Each structure stands twice: as C-alpha cells, then as structure tokens.
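Novice: Need a 3D model of the following:
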Amino acid sequence: MDGITFADFSKLATKRRWTPEFLAERFRGKIEEPSEFFHRVMLGKYADVAIPYRTVLAFYFQELRFDQAESGRARLCVCGCGRPVAERKKWAFPGCKKRSQRAKATDRPEGVEKSLDFATSKPGQKAGHGLCLAPGFDPGQKGFKSEFHRDE
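Specialist: Numbering: from 1, shown residues only. The predicted model follows:
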C-alpha cells in the first residue's frame, strides 16, 4: 500500500511521546475533528488505513527526518526526491523507481554522438531503402553500392 498508514504514524508518535491531545491541539483548524482522528490513529485498530490529510503527512515526514537525523540513520529515496524510505527499500514510492529507471535509460556519456542514422526512403525511391548507416555517411556519394542496390 502506498502512503503512510495509521500504524506508521502511531509508531513514530509513540517513539516521540506524542499524545492524541497534543496532536489534536497542533492540528486544530487544519483537519476535521482532530481529537477523534488522532484517537483512532493511536488506537491501533485501523493500522492499515492510509492517512488522508496532507498537513499530517507533511508533519510526519518532517518529524521522521528529525528522528532519523538524531539517531544517525537517515535513509532517503534513491531518486533524489528527499523522501525517507523504510528499512530495506530503495525508493519511497513506485513513481520514484520509474523516474530512476527512465533517467538511467536516457543517460549517455558526454561527447558520444548518436551511433546510427536511420535513412528512410519514400515509397518509389531506391536510395536508402531504410538502411542503417553510420553518421556522416552519404549513400548518394559516388561509388556507393550496397547489397540492396541494383544496377538497371
């Protein structure tokens, strides 16, 4: 499941010694019925439910970074987004993994030119025939013959 669950938040809250009353006071006016919400979170009965409030999630990530910095074990997402990752994971979300894969696929060393030039011919044309040619090679140059070229 993506996102932060009640169990994740409750674990950090217990570690940081936050009470539902403290959290309710902190988020009063920012979320609906904060006292009831944080009592449900801390109860542990709904452990797999994701937290829907952005302000609570932002607070969680901020405090998680502080907690990890204090303990000296800050593990962050490999893609560079800065989000914390859990235990043995590399990426915070599936989108982070996909972003890393796409970046890796498009990386090229500097100075490397495109290695192949695909010459395509229009219907009815003989030159090129959709051959794969090296860069800078001109099939129209004098003396060019390929296995597909026919003298007529």
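
Novice: show me where pLDDT drops low in this structure?
Specialist: 1-2, 69-74, 106-152 (pLDDT under 70).

Novice: According to the record, where do the domains of it fall?
Specialist: Domain assignment of the chain by automatic domain parsing yields the ranges 1-73, 75-107, 111-139.

Novice: Adding mean neighbour count, write those out as TSV.
Specialist: C-beta here means a position set from N, CA and C on the backbone, and glycine is covered the same way. Output for the domains of the chain, formatted as TSV (neighbours: other CB atoms under 10 Å):
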stretch	mean neighbour count
domain 1-73	14
domain 75-107	13
domain 111-139	10
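
Novice: Next, the contact list for the spatially closest residue to residue 82 that is not a sequence neighbour, please.
Specialist: By the measure of CB to CB, 6 or more residues apart in numbering, the closest residue to residue 82 outside its immediate chain neighbours is residue 76, 5.9 Å from it. Listed by CB atoms under 8 Å, 6 or more residues apart in numbering, the contact set of residue 76 reads 82-85.

Novice: which outside residues touch the helix or strand hosting residue 42?
Specialist: Here residue 42, judged by DSSP states H and E, is contained in helix 34-43. Helix 34-43 is contacted by residues 6, 9-10, 13-14, 19-21, 23-28, 31, 46, 51, 53 when judged by CB under 8 Å, 6+ apart.
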